[in-house]
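In: got a sequence here, can you model it:
(one chain, ligands or ions: 2)
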Amino acid sequence: MEMEDHIRREFSKRFGSDGSLYASAGRINLIGEHTDYNGGFVFPGAIDKCIMAEIRPSGTDMVRVFSIDIDEYVEFGLNEADAPEQQWARYIFGVCREIIKRGGKVEGFDAVFAGNVPLGAGLSSSAALESVFAFALNDLFNDNTIDKFELARIGQSTEHNYCGVKCGIMDQFASVFGKKDHLMRLDCRSMEFEYFPFEPKGYKLVLVDSVVKHELVGSPYNRRRESCERVAARLGLQTLRDATMDDLDAVKSDITAEDYMRARFVIGEKQRVLDVCDALVKGDYETVGERMYETHRGLSKDYEVSCEELDFLNDVARECGVTGSRIMGGGFGGCTINLVKDELYDSFVETASKKFEERYGHAPKIYDVVISDGAHKC
Ligand code: ADP
Ligand code: MG
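Out: Numbers count the residues shown, from 1 in each chain. Ligands and ions are numbered 1, 2, ... in the order given. Got it, this is the predicted structure:
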């Protein structure tokens, strides 16, 4: 409410009347890591941290936007040559341009926005920003004729073409399609998806942000990808999506030990996502938690994308009796995502914060999240 009031006040002060209010969310991914480029599954959901924007068509050909959090005002036109300098404004400009490129309509508008998705913490504040504007401009100028998947692609293309980030589709997909109390299993090969209930009564979802990001020499992500591609090719497959552990074991002597480990993780991860979906249908959160720990172990030992800090946080979670814990995101830093029984929450957060700070000299950041709606009109 506070955020909404702030936005409304600021909008009427700057632009003299009322606009329409829209919001879109950041996201978590419960399980399914390094699976997108292997044609596998991801399992994200939108969270109760959002970006909210008040917007009103202005009848001009200019966009005028004020960012409350950055405390900066920017104006730009809608032609390609009008791209603003400010990074935050480029997300909005990019969304406008990507809609126009697809034959959609965007005219001048005034906007004020603010958010509470932590920036750069792996919760995808950028996707929230793109999707709130994509959703709003679809509603205001296009009679909602752009379908929701295209809205997600508009966000993704914005990152690619205006922000220099070659991301996949998951973040924007989750931000656009997110639904309260549901996670979405997205098949990264067919782009089909299905909602699964996620109402962990008696549990909390807690992110522990290590606030470290290790810069690595070489291209570790590309090397992981190449390993997967080599094994898939050896199996005569396009991707590891259709490979089984038996297939992998059958070629073990023909591939390197490293490629074997990488593929073992990816094949196992596909099954873990499916297991978690089955478990959720039964309301079995203990199995969900076990799979999360298995994913962490796989990312750490087989895929080798963890780091000391994340393994430390995972160990602390286990010692505290946390139900499930794993690295969230590509690895080498960032957050762990934890499924924690309500009664253990306080002791876990306190222990993890204290032990981590003693060891690494700074406290981790803690974010509680609840699975919530994605892009919508308020
Ligand atoms: P994340 O992992 O959170 O998506 P990114 O670096 O991809 O991190 O995106 C963060 C960028 O998105 C910020 O640098 C800023 O340009 C923009 N952004 C996110 N949230 C806000 C906000 N509340 N106000 C203004 N800009 C924002
Ligand atoms: Mg981002």
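In: quick one: neighbours of the residue in the stretch 151-300 of the chain that ligand 1 sits nearest to, just the number.
Out: Going by Cβ to the nearest ligand atom, ligand 1 is nearest to Val165 of the stretch 151-300 of the chain, at 6.2 Å. Yep, even glycine has a C-beta here, placed from its N, CA and C like the rest. Other residues near Val165 come to 12 when the count uses other Cβ atoms under 10 Å.
In: can you confirm it is in a helix?
Out: No: using DSSP: H, G, I helix; E, B strand; the rest coil, the assignment for Val165 is coil, not a helix.
In: doesn't His34 lie inside a helix?
Out: No: if the criterion is three-state DSSP, then His34 is coil and not within a helix.
In: not counting sequence-adjacent ones, nearest residue to Gly104?
Out: Among residues not flanking Gly104 along the chain, Asn142 sits closest, at 5.1 Å (Cβ to Cβ, 6 or more residues apart in numbering).
In: who are the neighbours in contact with that neighbour?
Out: Listed by Cβ atoms under 8 Å, 6 or more residues apart in numbering, the contact partners of Asn142 are 99, 104-105.
In: measure it to ligand 1 for me?
Out: As judged by Cβ to the nearest ligand atom, to the nearest Å, Asn142 and ligand 1 stand 24 Å apart.
In: what's the answer for Asp82, then?
Out: 18 Å.
In: doesn't Gly298 make contact with Gly268?
Out: Yes: using Cβ atoms under 8 Å, Gly268 is in contact with Gly298, at 5.7 Å.
In: give the next helix or strand downstream of the one helix or strand Glu294 maps to.
Out: Assigned by DSSP states H and E, Glu294 falls within helix 285-297. Counting by DSSP H and E, the next helix or strand C-terminal to helix 285-297 is helix 308-319.
In: chain center to the helix or strand following that following helix: distance?
Out: Next helix or strand after helix 308-319 toward the C-terminus (DSSP H and E): strand 324-328. Relative to the centre of its chain, strand 324-328 is centred 14 Å away, using Cα atoms, centre = their mean, to the nearest Å.
In: alpha carbons of the helix or strand hosting Glu350, as CSV, please.
Out: Secondary structure assignment for Glu350, by DSSP H and E: helix 342-360. Extracted in CSV, the C-alpha atoms of helix 342-360 (Å, rounded to 0.1, in the frame of the first residue of the first chain):
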residue,chain,number,x,y,z
ASP,A,342,7.9,-22.2,10.3
GLU,A,343,9.2,-23.3,13.7
LEU,A,344,12.8,-23.5,12.5
TYR,A,345,12.7,-20.2,10.6
ASP,A,346,14.1,-17.9,13.3
SER,A,347,16.9,-20.2,14.4
PHE,A,348,17.9,-20.9,10.8
VAL,A,349,18.1,-17.3,9.8
GLU,A,350,19.9,-16.3,12.9
THR,A,351,22.4,-19.2,12.7
ALA,A,352,23.0,-18.8,9.0
SER,A,353,23.6,-15.0,9.3
LYS,A,354,25.9,-15.4,12.3
LYS,A,355,28.0,-18.2,11.1
PHE,A,356,28.3,-16.8,7.6
GLU,A,357,29.4,-13.4,8.9
GLU,A,358,31.9,-15.0,11.3
ARG,A,359,33.5,-16.8,8.4
TYR,A,360,33.2,-14.4,5.5
